[in-house]
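>>> structure of the sequence below:
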Amino acid sequence: EGAKQVQASVRRALAIRGEEGQYKARGHLQIRRGPYLIAHRLDETNTAEDIRFEGRYIDLFEAELPVLQGVALKPGEDCLLYDLSWTREGSGAAEILISSSQIRDERLEANRLTFFSESPSDMTVSTRIRMANEPVRAVAGGQPAEWSRDAESGTVLVRYPGSPEGVEVTLEW
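Residues are numbered from 1 along each chain as shown. Coordinates of the predicted model:
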């Protein structure tokens, strides 16, 4: 339900920002702001070819925050992506890229990243972190947390139960 609301908002924002003629001539509209790529492919287009975005992206419309190698949009489709080629100046050994929760009190120590995650209690939180090393341990709220590493993108996905009071999450490598 939330993803559908976000998709509708993306379409409205793109329509507001788009130049009508340019939008129809290209068959799609895209907005880039920092690491984010937002795009919509028109239903009414002169070509049947998919619009393709080359690169490595995190799909923000999917709960598992999957890493994708290239993205193709068919007519009528939208995307909200995090471009993994975008980096911040001075980023450290581990950096939270995206989370389905509110993140606060992020602390990076020698071989440990700790943060608090706040979200509704009836959801599983997904947090994708750029990390040079594979974790040896992930803990959320004092319990082992599920994690998986995407070696090609150098990111780790951590999943854990949400809590409005906040859950302390720790990754060690």
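>>> setting aside sequence neighbours, what's the nearest residue to residue 102?
residue 118 (4.4 Å; Cβ to Cβ, 6 or more residues apart in numbering). To be clear about C-beta, it is placed using only N, CA and C from the backbone, and glycine gets the same treatment.
>>> whoops, I mixed them up, residue 86
residue 35 is the one closest to residue 86 (Cβ to Cβ, 6+ apart), at 3.7 Å.
>>> OK, contacts around the residue nearest to residue 102?
Residues near residue 118 by Cβ atoms under 8 Å, 6 or more residues apart in numbering: 101, 102, 104, 163, 164, 165, 166, 167.
>>> can you list the buried residues in the helix or strand where residue 168 lies?
Applying DSSP states H and E as the criterion places residue 168 in strand 167-172. By 16 or more other Cβ atoms under 10 Å, the buried positions in strand 167-172 come out as 167, 169, 170, 171.
>>> let me have these in a markdown table, adding distance to residue 78 and pLDDT as columns.
Converted to a markdown table, the buried residues of strand 167-172 look like this (distance: Cβ to Cβ, whole Å; pLDDT from 0 to 100):
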| residue | distance to residue 78 | pLDDT |
| --- | --- | --- |
| 167 | 31 | 96 |
| 169 | 30 | 98 |
| 170 | 35 | 97 |
| 171 | 32 | 97 |
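>>> you'd agree residue 39 is up against residue 50?
No. At 11.6 Å, residue 39 does not count as touching residue 50 under the criterion of Cβ atoms under 8 Å.
>>> list the buried residues in the host helix or strand of residue 147.
Assigned by DSSP H and E, residue 147 belongs to strand 146-150. By neighbour count on 16+ other Cβ under 10 Å, the buried set for strand 146-150 is residue 147.
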